[in-house]
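Undergrad: Following is a predicted model, sequence given first.
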Amino acid sequence: MYTSGFICWSFQVSAPDPLVIALPKGRILDEAMPLLKGVGILPEPAFDDPNSRLLRFATNHAHISIIRVRSFDVATFVAFGAAHLGIAGNDVLMEFDYPELYAPLDLGIGKCRLAVAEPCELGESDNPKRWSHVTVATKYPQLTKRHFATRGVQAECIKLNGAMELAPSLGLARRIVDLVSSGATLKANGLVEVEHIADITSRLIVNRAALKTRPDELGGWIEKFRTEVSRGA
Ligand code: PRP
């Protein structure tokens, strides 16, 4: 801005508004990075440095940055508009059910399932169809209650943020609802799946308000991701 006497001239050249992409920490990140690179977004080197304490990373696009947060927090950052785009599993989307989130694209990564599990000894004689009340340790209390309510089972949920598999052996809850991929964690902790709740994959998520105000830009990124997913399919 240049001010001279009575006249105020603005010489600003409009730079693109910042765009923030939220990515989940952990195993999904390894599968997400090739997609991100495929659409032409490359984070700064600190992103791959295990000793870096940075949480927000610049990219090869001056106005685009990446944040790396817990998978549940990806949905929260995008729902509140603090990030514009993100990658989140449908487990997270089902748990929060944020109306502000639009999930236009299944990325086909992070494939696993959400299941009910219990100790092997109990599983041998148990019949989930006969439950009327169940106590479950889980990261997903809302989703779990809704799932059981559809068939008239009342679920009491004890919320944990990880290591659900410990709950049965320590008497916290006899059953858990958790993600199962290879099944190795259940097996190592003497548990067995007794009920399948949902198949899980990761989705591209967008803040609905941002999509309305920046349709060409965000729509363009959605299409680039779509092309990249179908190239890898
Ligand atoms: C997830 C999940 C299980 C495990 C299942 O945990 O909560 O514990 O993976 O994988 P598996 O069937 O291949 O053994 P994760 O390692 O992502 O960490 P978390 O407990 O922090 O969620």
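TA: Nice, thanks for sending it over.
Undergrad: Report the secondary structure state of A46.
TA: Secondary structure, DSSP: H, G, I helix; E, B strand; the rest coil: A46 is helix.
Undergrad: That one: neighbouring residues, count only.
TA: Each residue near A46 was counted by other CB atoms under 10 Å, and the total is 12. Where C-beta positions appear, they are placed from N, C-alpha and C, glycine not excepted.
Undergrad: can you pull out the strands in the protein?
TA: 2-4, 7-9, 19-24, 56-58, 64-69, 85-89, 101-106, 112-119, 133-138, 154-159, 175-180, 191-200, 202-207 (DSSP state E).
Undergrad: right, and the ones you listed - which one's nearest A75?
TA: Across the strands of the chain, A75 has its closest neighbour in strand 85-89 (5.0 Å, CB to CB).
Undergrad: Just give the strands next to that closest one in its sheet, each with its orientation.
TA: Strand 85-89 has the following strand partners under DSSP bridges: strand 19-24 (parallel), strand 202-207 (antiparallel).
Undergrad: Can you name the residues in contact with it?
TA: Residues outside strand 85-89 that contact it (CB atoms under 8 Å, 6 or more residues apart in numbering) are 19-24, 28, 32, 71, 74-75, 77-78, 103, 107, 110, 200-207, 218, 221.
Undergrad: just the buried members of the residues you listed?
TA: Neighbour-count burial (16 or more other CB atoms under 10 Å) is assigned, among the contacts of strand 85-89, to 19-24, 28, 32, 71, 74-75, 77-78, 103, 107, 110, 200, 202-207, 218, 221.
Undergrad: residues contacting the nearest residue to G123 once chain neighbours are set aside?
TA: Nearest non-adjacent residue to G123, counting by CB to CB, 6 or more residues apart in numbering: V192, 4.1 Å away. Taking CB under 8 Å, 6+ apart, we find V192 in contact with A117, E118, P119, C120, G123, L186.
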